[in-house]
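Asks: 3D, please:
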Amino acid sequence: MMTEAHSERSVYMAMDLGNKEWVLQFGDLRQERGVTIPARDQERLWREIGKAKEKFGLSAKAPVHACYEAGRDGFWIQRMLEEGGVKCLVVDSSSLEVNRKARRVKTDRIDARKLLSMLIRYLGNGEKKMWAVLHVPSEDQEMRRRLHRGVGRLKKERTGHLCRIKSLLITQGIRVQGVRKVPLEALVDWKGRRLPKELRQELVLEYQRLELVDAQIERLVKQRKEEMKAPENRTQEVAAKLEKLRGLGEDSGWQLAHEFFWRDFDNRRQVGSAAGLTGCPYNSGASAHEQGISKAGNARVRVLMVEMAWRWLQFQPHSALSGWYRERFGGGPGRLRRIGIVALARKLLVALWKYVKFDEVPQGAILKA
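Replies: Residues are numbered from 1 along each chain as shown. Next comes the predicted model:
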């Protein structure tokens, strides 16, 4: 049965995106049409949409609804289609239905047809819980993530250079504590000999890369501090507000604001689901157990919240959340405490959402002076 919103005839388009080709599958509940076009060929895409309307006997102004799986292409395709009047959904690929046979037939054409059928079920039949549709950020909101994600990538690169230097020295029997203060010219190997020329050259190159990464991190961190002092938009204001709580640093407040609190939530269930911090019970017949958290949301936020939960216990020991954790898990073994910290992370995330949206300071929490 068609929903009221889609009682008029429309064109439905599913897109299977590849690096070289895009497979488009069109339908109008009566017939289907498939076509393959070069990837990122916008002119050809709009031309095929027009041809689909002609083939289905629809007017040029007939509404078009599209969908594609979230992936490396990001959201620019959704924005491009929306500007052209096409309603487009970006779908979480892990939420799609698949055949559970050990050997299932899989081709781009079959994937596009499956996406089309699910799009029609979602919009036409109102099966809203059939898959997970992403909340697409605005272009400005998406670009604001680049700062902290760039810092995170550079920190990983810095760790790689430090480990590489240590590894090169270990091959010669040299173990050092502070890699940055190693005098290369004075180092000798296990036999007391000066390091070979080739090894010293490689070490010099690694140190040069390390200095470059350090300089780039310092520049980005300085930029973040300046933006925190004088917020220019709502997300930066949220970051500055979170940073006022003891136990939340500048980095964690900034990340949480730009990765999570850029969108609005209506209730605590949406908050937990968006972060993937919801339970997954398995209850079938006589078998009933918990499978852990869903991990279906933002992985960066989950990692950040677990780190913040440990810091919350340290810097906010008299808060209600810390008291709840100590009473429930504090006297248990290490494994139980690690399980409990995930539960605390979810409660803390909900408390921070209330703090950001309703100005409700978590019970017993202390603000920085």
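Asks: list the contacts for the most centrally placed residue in the chain?
Replies: A centroid search over the chain (C-alpha atoms, centre = their mean) returns Asn298, at 4.2 Å, as the residue closest to the centre. Under the criterion of C-beta atoms under 8 Å, 6 or more residues apart in numbering, the neighbours of Asn298 are Glu259, Phe260, Ala274, Ala275, Gly276. To be clear about C-beta, it is placed using only N, CA and C from the backbone, and glycine gets the same treatment.
Asks: for Lys20, same thing?
Replies: Pro38, Ala39 are the contacts of Lys20 under C-beta under 8 Å, 6+ apart.
Asks: and the pLDDT for it?
Replies: Lys20 is assigned 95 on the pLDDT scale.
Asks: kindly report the same for the one 4 residues further on.
Replies: Looking at Leu24, its pLDDT stands at 97.
Asks: among the contacts of Asn298, name the ones in helices.
Replies: Residues from the contacts of Asn298 lying in helices, with DSSP state H as the criterion: Glu259, Ala274, Ala275.
Asks: surely Glu259 and Leu147 touch.
Replies: No: here Glu259 does not reach Leu147: they are 11.4 Å apart, not a contact under C-beta atoms under 8 Å.
Asks: so, low pLDDT: which residues of the stretch 151-300 of the chain?
Replies: Within the stretch 151-300 of the chain, no stretch has pLDDT under 70.
Asks: in it, which spans are helices?
Replies: Applying DSSP state H, counting those that start in this stretch to the stretch 151-300 of the chain gives helices spanning 197-229, 234-242, 250-259, 268-275, 299-315.
Asks: can you add distance to Tyr12 and mean neighbour count and give those helices back as JSON lines?
Replies: What follows is the helices of the stretch 151-300 of the chain, written out as JSON lines (distance: least, C-beta to C-beta, whole Å; neighbours: other C-beta atoms under 10 Å):
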{"stretch": "helix 197-229", "distance to Tyr12": "42", "mean neighbour count": "14"}
{"stretch": "helix 234-242", "distance to Tyr12": "34", "mean neighbour count": "19"}
{"stretch": "helix 250-259", "distance to Tyr12": "32", "mean neighbour count": "22"}
{"stretch": "helix 268-275", "distance to Tyr12": "27", "mean neighbour count": "18"}
{"stretch": "helix 299-315", "distance to Tyr12": "31", "mean neighbour count": "18"}
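Asks: columns distance to Glu139 on top of the ones you listed, output as a markdown table?
Replies: Formatted as a markdown table, these follow (distance: least, C-beta to C-beta, whole Å):
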| stretch | distance to Glu139 |
| --- | --- |
| helix 197-229 | 18 |
| helix 234-242 | 14 |
| helix 250-259 | 14 |
| helix 268-275 | 20 |
| helix 299-315 | 20 |
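Asks: which one of the ones you listed lies closest to Ala52?
Replies: Nearest to Ala52 among the helices of the stretch 151-300 of the chain is helix 268-275; the distance by C-beta to C-beta comes to 34.5 Å.
Asks: just checking, what packs against the closest one?
Replies: helix 299-315, helix 334-358 (3 or more C-beta pairs under 8 Å, 6 or more residues apart in numbering; DSSP states H and E).
Asks: among the ones you listed, which is nearest Ile174?
Replies: helix 299-315 (33.1 Å).
Asks: so how far is the helix or strand just after that closest one from its chain's centroid?
Replies: Scanning forward in sequence from helix 299-315 by DSSP states H and E, the next helix or strand is helix 320-325. Its chain's average C-alpha position is 28 Å from that of helix 320-325, according to C-alpha atoms, centre = their mean, to the nearest Å.
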